[in-house]
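J.: Can you look at this prediction? I've put the sequence above it.
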Amino acid sequence: MKNSKKKKTNLLIKGLVLCLLFFGLFVNIAAKDRKNGAQIVVQTRDGRTIRAELLAVKSDGLILMDSLNAADVTLKTENIRKIVVKKKGGFLEGMGWGGLIGLGGGVLLGLASGDDRNDWFPMSAEFKAVVVGL
């Protein structure tokens, strides 16, 4: 009987490791889908406002990808009046992914530890999954 419990525990631990690897790869792939350039808003001297992704900076100007029509735009330095860089905060997204991965890992660890039998405060595997997951 102990041997079957040990096999079950080993199987659950292997499942936990595979799930954590999967989550790690998924988060890494999702992070690679992001754009490379910074999102900027450029005000030109003639009054236009361009929202674009910064592709390259050259000595005589900027190369941008316009957000509205996805076309490359080259702006000369002398035509630029103001540049504002739009930062996207990744704190909440990172907190969300960390919470999901921690919750999943905690639940799997709680289930993998199994039911307690002869302890002072016996807990079921499901109860431990909820506690460790939280």
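T.: Sure, I can see it. The shown structure was predicted, so the numbers you read here are calculated from the model rather than taken from an experiment.
J.: before we move on, what SS does Gly47 have?
T.: coil (DSSP: H, G, I helix; E, B strand; the rest coil).
J.: how close does it get to Leu54?
T.: 21 Å (CB to CB, to the nearest Å). Yep, even glycine has a C-beta here, placed from its N, CA and C like the rest.
J.: Then Val42?
T.: Val42 is 9 Å from Leu54, by CB to CB.
J.: who touches both of these two?
T.: Leu62, Leu64 (CB atoms under 8 Å, 6 or more residues apart in numbering).
J.: Which one's more surrounded, Gly47 and Leu54?
T.: Between Gly47 and Leu54, Leu54 has the larger neighbour count (other CB atoms under 10 Å), namely 18 against 7.
J.: what sits against that one?
T.: Taking CB under 8 Å, 6+ apart as the definition, contacts of Leu54 comprise Gly37, Ala38, Gln39, Ile40, Leu62, Ile63, Leu64.
J.: Can you give me every residue that contacts the fifth one?
T.: Right, the one you point to is Leu62. Counting by CB under 8 Å, 6+ apart, Leu62 has contacts Val42, Leu54, Ala56, Thr74, Leu75, Thr77, Ile80.
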